[in-house]
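>>> any chance you could fold what I've pasted below:
(chains A, B, C and D)
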2 protein chains.
Amino acid sequence: MRPAKRREPPSRQRSAKGRAKHSGKHVTIRDVARVANASVSTVSAAINNTDYVSAAMRLRIERAVRRLGYRPNDLARGLRLQRTHTLGVVVPDLSNSFYTEILQGMKDYASAAHYTLLIGDSRDRWAEEQVYLDNFHRRRVDGVIRIPAADDQCRNIRELLGEIPVVYADRFPHTRDAAGGHVGVDNTVAAFDATRYLMSLGHRRIGIVAGPETAPTAADRLEGYRRAVRGGHVPVDPALVRRGDNRMVSGHREAIELLTLPDRPTAIFCTNNMMTLGAFQAIQELKVVCPDEVSLLGFDDFYWAPLLRPQITMVRQPAREIGLAAARLLIEQIEGRNTVGGDQTLSTQLIVRQSCAPPATRPEPSIVRSGKVGA
Amino acid sequence: MRPAKRREPPSRQRSAKGRAKHSGKHVTIRDVARVANASVSTVSAAINNTDYVSAAMRLRIERAVRRLGYRPNDLARGLRLQRTHTLGVVVPDLSNSFYTEILQGMKDYASAAHYTLLIGDSRDRWAEEQVYLDNFHRRRVDGVIRIPAADDQCRNIRELLGEIPVVYADRFPHTRDAAGGHVGVDNTVAAFDATRYLMSLGHRRIGIVAGPETAPTAADRLEGYRRAVRGGHVPVDPALVRRGDNRMVSGHREAIELLTLPDRPTAIFCTNNMMTLGAFQAIQELKVVCPDEVSLLGFDDFYWAPLLRPQITMVRQPAREIGLAAARLLIEQIEGRNTVGGDQTLSTQLIVRQSCAPPATRPEPSIVRSGKVGA
DNA sequence: CAAGCTTAGTATATATGTTAGGTATATACA
DNA sequence: TGTATATACCTAACATATATACTAAGCTTG
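Below you'll find the predicted structure:
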């Protein structure tokens, strides 16, 4: 981003900043060859086990490698092999345990397949995600896994990544063409089941704090909510539909809006874990008793959820499995064997805890069949 | 780790796995030069703003770059320049918000200085950390920031990283020689102040769940605790000193041990956030009332701490600042200007919330001057 | 006024570290 | 003699940046 109009005498010599201090050059395969009294190609063959090398020679080389502390230069290697054995991953928020759990899954599969992960945190902003994708391209990663930012505005991923294969995890891209595939859950069904669970408890006025309008998963979850509400022969009250930005403060803000409504809802459904926490906080602050006075239903479980009082009932996504499957899908594509193929939809689970109960003022007691309800 | 004794015919041709599927070659600077009708050196000069290029030529080149979607190959670039503008970072646990907060700080400073982060999660195991350090070396990162694993057994970091500069954040290395510098807090003082705070409330039997014996920071915090206890003219009861492994389950386990002691402590001090959570859970499960029956004091705050009931009083480390300072320290070293120099000790803060109160059975009411107590 | 210098722009050769593919040589075996 | 095996070495890429050389014009200067 230097000024383009730069007309001053263009300094030829590198600026002082350009050259690093530690002049101690790295040890190369050439150094090893010299010390071991062998040719570079023999050393290469010995290291990569790729050609005949006599036992004696191998020993000399191994000794030289150890003595010099030689590490092959992956830049040169990647350049030569046109292969980096590296996967780029962008997640929307590294401090959200949901994504770190997905990352764990990816990492486990990837390292078993001898790939390394390059991790980027887009802070849920397309502008920052773009920087990472560009970086991945320049680094010539073998593949990319995107969990797109909420405000994803990517028109054509090929412009950004060239021929590099891409798969999507958790979220869908802005434009639904997830060419390389997608691994996630059916958000519509998950939200539908969750909402129906609330209705089965007798709730008729259910508030929802949904994600941003630009995010497809948010739209799906909202759609699931709508269908469930309408399915219970209740009109969708626009006053009960609120929008957050998937972050804690927005959940807090919108929950307060809902709870201070003249005719406030008897239950609140938050469509991600951060907003659920915000809503939880709002309920505490307003001294509304949960679940007696208001029920709270969340999305995306976290490992310390059992510590909260009341424990929050949540829709759980199989985060680790999503990561695992996404990494596998991508690596299969990279290595040419498309055994798994296409999109994969994993199933969610409703973790019933203590934050949902029948509403205090009970309407006509209608029984609704409950959705799939896990432990 | 292939078998060294491999005697079979060494396959010359790359295994099917070796060659990637997508044959669509990447676009190179050569392609740009051809399309823009210029020489490669001119294109290079135009892109890097490093030599005279006429306005007309520049325009043609820019257009060609955009049209072809050209991205400079960072492998070749790094190889040529002997510089990658990349920092390697190993943290013990990516799902611990304390470390992701440190990472945020590092990332902010690094990207402002045009460096990219390579992030590794060692799961607090030296064996895994070693793999990442090796990887960083092969990738020729310009510098490394370590938060060493608890069982750090690194004898000589130079063997692993060659000439690559290293700085330490948060934790000290196994052997105290943090040649490149260290950024963190004074753990002894922090634990001393925290323990003294408990004693100022009247506690005499204070249990501690410390980190593993191999971890220097754990040793320091334990030492701070010991000094404070002895400073209050109370002998250190070995039964009250427990060891965890910095993870939640160990905090849970050790807290139960402490709470089921015949003469149980009136307060528990946990020396990291995960173990604090475990202890919190144990207290809930045993239905011991906090802070009425037992006080709980934690270490390393987390953003959702206000949601727990009671809210836990904690020693807070300036995580973001630690990350920021570590990145700055490292980059200054890389770029040859050592303005900051040496180790940096940042100050901790005791966040007083609701989990500490005077013990139920009050001993002689002695007043102890309280340490530095924050908001 | 020719030689030399400066300015502006472009082209060429080389080096970075590594590996595949080809070449060379020696031995064993049919 | 020819063929297969075993061992070692040489060279050409891979994509980039830069030192050097080159062209062409404008200017100074003895």
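>>> CA only for contacts and neighbour counts going forward, please
Will do.
>>> so where is chain A shaky, pLDDT-wise?
A:1-24, A:177-178, A:339-341, A:361-375 (pLDDT under 70).
>>> check the gap between A:V241 and DNA strand D for me.
Going from A:V241 to DNA strand D by C-alpha to the nearest atom of the strand, to the nearest Å gives 49 Å.
>>> would you mind listing what in the stretch 51-200 of chain A touches DNA strand C?
A:71-74, A:76-77, A:79-81 (C-alpha under 7 Å from any atom of the strand).
>>> where's A:E321, which helix or strand?
Following DSSP states H and E, one finds A:E321 within helix A:319-334.
>>> picking that back up, among the residues of the stretch 51-200 of chain A next to DNA strand C, which ones are buried?
For those, a burial check counting by 16 or more other C-alpha atoms under 10 Å in any protein chain shown picks out A:71-74, A:76-77, A:79.
>>> out of those, which are close to DNA strand D?
Restricting these to those near DNA strand D by C-alpha under 7 Å from any atom of the strand leaves A:76, A:79.
>>> which one among the buried ones among the residues of the stretch 51-200 of chain A next to DNA strand C gets closest to A:R243?
Distance to A:R243, by C-alpha to C-alpha, is smallest for A:D74 among those, at 46.2 Å.
>>> can you verify my assumption that the closest one contacts B:F136?
No. A:D74 is not in contact with B:F136 according to C-alpha atoms under 8 Å; the separation is 9.5 Å.
>>> ok, now which ones touch the residue in the stretch 101-250 of chain A positioned nearest to DNA strand C?
Going by C-alpha to the nearest atom of the strand, DNA strand C is nearest to A:R140 of the stretch 101-250 of chain A, at 14.2 Å. Counting by C-alpha atoms under 8 Å, 6 or more residues apart in numbering or on different chains, A:R140 touches A:83-84, B:73-75.
>>> list the ones among these that fall in helices.
Counting by DSSP state H, the part of the contacts of A:R140 found in helices is B:74-75.
>>> which is the succeeding secondary structure element to the host helix or strand of A:E254?
Here A:E254, judged by DSSP H and E, is contained in helix A:248-259. As assigned by DSSP H and E, the chain's next helix or strand after helix A:248-259 is strand A:267-270.
>>> which other helices and strands contact that following strand?
When contacts are defined as 3 or more C-alpha pairs under 8 Å, 6 or more residues apart in numbering or on different chains; DSSP states H and E, strand A:267-270 sits against strand A:206-210, helix A:273-285, strand A:295-299.
>>> if we can go back for a sec, now the buried ones among the residues of the stretch 51-200 of chain A next to DNA strand C in CSV, with distance to B:R146?
Output for those, formatted as CSV (distance: C-alpha to C-alpha, whole Å):
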residue, distance to B:R146
A:R71, 19
A:P72, 22
A:N73, 21
A:D74, 21
A:A76, 25
A:R77, 26
A:L79, 28
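>>> wait, does whichever strand or helix holds A:R67 contact DNA strand D?
If you go by DSSP H and E, A:R67 is part of helix A:55-68. Yes. Residues of helix A:55-68 contacting DNA strand D under C-alpha under 7 Å from any atom of the strand: A:55-58.
>>> which of those residues count as buried?
Buried by 16+ other C-alpha under 10 Å: A:57-58, out of the residues of helix A:55-68 next to DNA strand D.
>>> isn't A:Q104 up against A:G323?
Yes. Between A:Q104 and A:G323 a contact is recorded at 7.1 Å, counting by C-alpha under 8 Å.
>>> need the residues of chain A near DNA strand D, please.
For chain A, the contact set with DNA strand D under C-alpha under 7 Å from any atom of the strand comprises A:12-14, A:37-42, A:51-58, A:76, A:79-80, A:82.
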